[in-house]
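1. Sequence and computational prediction follow.
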Amino acid sequence: MPVKSPRPFILIACACAVFWPGAYIFGLPGVLRQHWQKVFDADGGTIGGAVFFILTGATCFMYLCGRLQEKYGPGRLAALGSVMCGGSSIWLSQADKMTDTYIWAFAVGASSAFVYLPGLTVVQRWYPERRGLVAGFFNMAFGLSAAVMSPVFSILMSKWGYEALTLTAGCAALTIGLTASALIRFPENDRSTPASAASFVPDGRSVKEALKSREFWCLWLTWVFAGAAGASMLVLATGFGLARGLSLAHAVVLLTAFNLTNGCGRLISGYFSDRIGRSRIMAMSFAGAGLAYLIMPHMVGMWLWAALAAVIGFAFGTLFAVSGPLAGDCFGMAHFGAIFGLVFTAYGFVSGPLGPWLSGHILDVTRGNYTLVFSYLGLMYIAAAGLILLVQPWRECRL
């Protein structure tokens with residue numbers, strides 16, 4: 001009797017493992033923001049520092065995780081990431097100053113690197129014939145986790161309080177993460193491995209060869225521009241709505257539309273990247289987002305603004321869902337983790353200052369000139385659309 005394929009269970013395990021870091025990164029700070037302001041007497045800028053430390057923690061460890069998974073295996077890294085994620089939340093329950101939250105933020109950001117990169121590598125190696133689809137599913141679990149858990153966190157916060165919420169969330173992340181990590185592994189050449197996975201030999205370029213290629217730097221610059229433009233909408237959507245006369249409840253609709261397509265769109269773009277090409281689906285989504293940014297300040301109406309924000313959210317989700325498989329197409333899977341970890345430095349170290357920080361500074365200087373800011377962000381998306389078309393998998397494109 002043939003042995004049942006473990007691939008679906010491994011795919012689900014990877015999604016479950018990355019779910020909690022995503023929920024913590026994108027959901028928990030927003031729920032705890034008011035508590036931190038009240039208890040720690042922190043202003044908005046101080047609270048915003050937590051996001052900086054989250055991003056820094058993730059970026060600092062991406063490349064290292066790519067290297068370590070080749071030596072120690074993805075399951076061990078995912079287990080360590082789960083311990084960091086859940087343990088830091090348990091520790092956060094006893095925080096008595098903002099410095100403690102910054103330590104938690106850095107640890108959670110680092111935990112996402114230990115879970116995200118091994119999981120992304122594993123699902124692609126088990127499904128070499130549908131890498132775009134499974135990468136999209138994996139990224140959807142990461143992106144939609146906050147939308148699922150934020151209401152739960154809010155209910156627990158109001159009913160149980162801060163300490164009980166962080167303790168419960170930490171224990172849940174620790175238990176589920178460690179259970180899922182036990183299933184995360186690379187495929188082996190045995191009878192339990194499907195032929196399509198077993199025949200996949202992870203070969204390709206070394207890190208040094210990748211760094212000498214045009215594909216790497218075009219992909220890196222794509223993350224700079226598309227990452228900056230996409231991340232900016234996370235902090236600008238509600239403010240834009242308020243500046244245009246919407247109430248807070250209506251302005252949040254723009255951010256909700258962005259987040260929905262950012263999460264759900266990852267599965268869609270991943271699916272179509274397997275069929276019409278990864279560079280093409282990325283270029284089309286980026287071009288659409290660029291046009292959405294350019295026309296958004298000149299349009300009137302909450303639902304029209306929400307629709308345009310949704311186009312931008314889809315492009316942002318596409319960046320995460322498709323660029324990983326595209327990097328695998330270009331450089332192979334043998335050193336995928338290390339190479340993609342280097343690509344991610346563009347987002348962590350450059351996109352943040354170039355996008356959310358600079359756009360906020362321009363708004364302060366120009367007293368809320370969203371037309372200028374959105375034009376600047378739209379042109380960055382259009383530049384990303386042109387750059388990604390220069391990425392030609394498996395071609396020698398030396399600088």
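-> Sure, I can see it. Worth saying up front: this structure is predicted, and the values here are computed from it rather than measured. Residues are numbered from 1 along each chain as shown.
2. thought L390 was touching C218?
-> Yes: counting by C-beta atoms under 8 Å, L390 does reach C218; the two are 4.6 Å apart. (Each C-beta comes from the backbone N, C-alpha and C, glycine too.)
3. okay, these two: which has more neighbours?
-> Using other C-beta atoms under 10 Å, the more surrounded residue of L390 and C218 is C218, with 20 against 16.
4. Now do that one against V224, distance only.
-> From C218 over to V224 the distance is 11 Å, taken as C-beta to C-beta, to the nearest Å.
5. L255 versus G301, what's the distance?
-> Counting by C-beta to C-beta - G301 and L255 are separated by 16 Å.
6. R185 is in contact with T121, isn't it?
-> No: assessed by C-beta under 8 Å, R185 is found out of contact with T121, at 11.0 Å.
7. Using CSV, write out every CA atom in stretch 84-96.
-> C-alpha atoms of stretch 84-96 as CSV (Å, rounded to 0.1, in the frame of the first residue of the first chain):
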residue,chain,number,x,y,z
MET,A,84,11.4,33.3,21.1
CYS,A,85,7.9,34.3,20.0
GLY,A,86,6.0,32.7,22.8
GLY,A,87,8.6,33.2,25.5
SER,A,88,9.0,36.9,24.7
SER,A,89,5.2,37.4,25.1
ILE,A,90,5.2,35.7,28.4
TRP,A,91,8.1,37.9,29.5
LEU,A,92,6.2,41.0,28.2
SER,A,93,3.4,40.3,30.7
GLN,A,94,5.8,41.6,33.4
ALA,A,95,7.1,44.6,31.5
ASP,A,96,7.1,47.8,33.5
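8. what's next to that stretch, contact-wise?
-> For stretch 84-96, the surrounding residues in contact (C-beta atoms under 8 Å, 6 or more residues apart in numbering) are 20-21, 24, 28, 100-101, 103-104, 107-108, 110-112, 114-115, 162-163, 166-167, 169-175, 177.
9. Over to stretch 152-172?
-> 20, 23-24, 27-28, 31-32, 35, 39, 86-94.
10. again, only this time at 6 Å
-> 31, 35, 86, 89-90, 92-93 (C-beta atoms under 6 Å, 6 or more residues apart in numbering).
11. Could you list the buried residues of that stretch?
-> By neighbour count with 16 or more other C-beta atoms under 10 Å, stretch 152-172 contains the buried residues 153, 156-157, 162, 165-170.
12. So which of the residues you listed is the closest to A384?
-> Nearest to A384 among the buried residues of stretch 152-172: F153, at 32.9 Å, using C-beta to C-beta.
13. Next SSE downstream of the helix or strand containing that closest one?
-> F153 is part of helix 131-160, with elements assigned from DSSP states H and E. Downstream of helix 131-160, the first helix or strand assigned by DSSP H and E is helix 162-181.
14. Can I get that next one in CSV, CA atoms only?
-> Taking C-alpha atoms only, helix 162-181 is exported to CSV below (Å, rounded to 0.1, in the frame of the first residue of the first chain):
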residue,chain,number,x,y,z
TYR,A,162,-3.0,43.0,29.9
GLU,A,163,-1.1,40.4,31.9
ALA,A,164,-3.6,37.6,31.2
LEU,A,165,-3.7,38.5,27.5
THR,A,166,0.1,38.4,27.0
LEU,A,167,0.5,35.2,29.1
THR,A,168,-2.3,33.4,27.2
ALA,A,169,-1.1,34.5,23.8
GLY,A,170,2.5,33.5,24.7
CYS,A,171,1.5,30.0,25.8
ALA,A,172,-0.6,29.5,22.7
ALA,A,173,2.2,30.6,20.4
LEU,A,174,4.7,28.4,22.3
THR,A,175,2.5,25.3,22.2
ILE,A,176,1.3,25.6,18.6
GLY,A,177,4.7,26.7,17.3
LEU,A,178,6.6,23.9,18.9
THR,A,179,4.1,21.3,17.7
ALA,A,180,4.2,22.6,14.2
SER,A,181,8.0,22.8,14.0
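15. How far off centre is that helix?
-> 21 Å (C-alpha atoms, centre = their mean, to the nearest Å).
16. Pick out the residue nearest the middle of this structure.
-> F320 (5.8 Å; C-alpha atoms, centre = their mean).
17. hang on, that residue is in a strand, isn't it?
-> No: counting by DSSP: H, G, I helix; E, B strand; the rest coil, F320 falls outside a strand, being helix.
18. That one touches N139, doesn't it?
-> Yes: assessed by C-beta atoms under 6 Å, F320 is found in contact with N139 at 4.9 Å.
19. For the helix or strand hosting A231, buried residues please.
-> According to DSSP H and E, A231 maps onto helix 214-243. For helix 214-243, the neighbour count (16+ other C-beta under 10 Å) marks 214-242 as buried.
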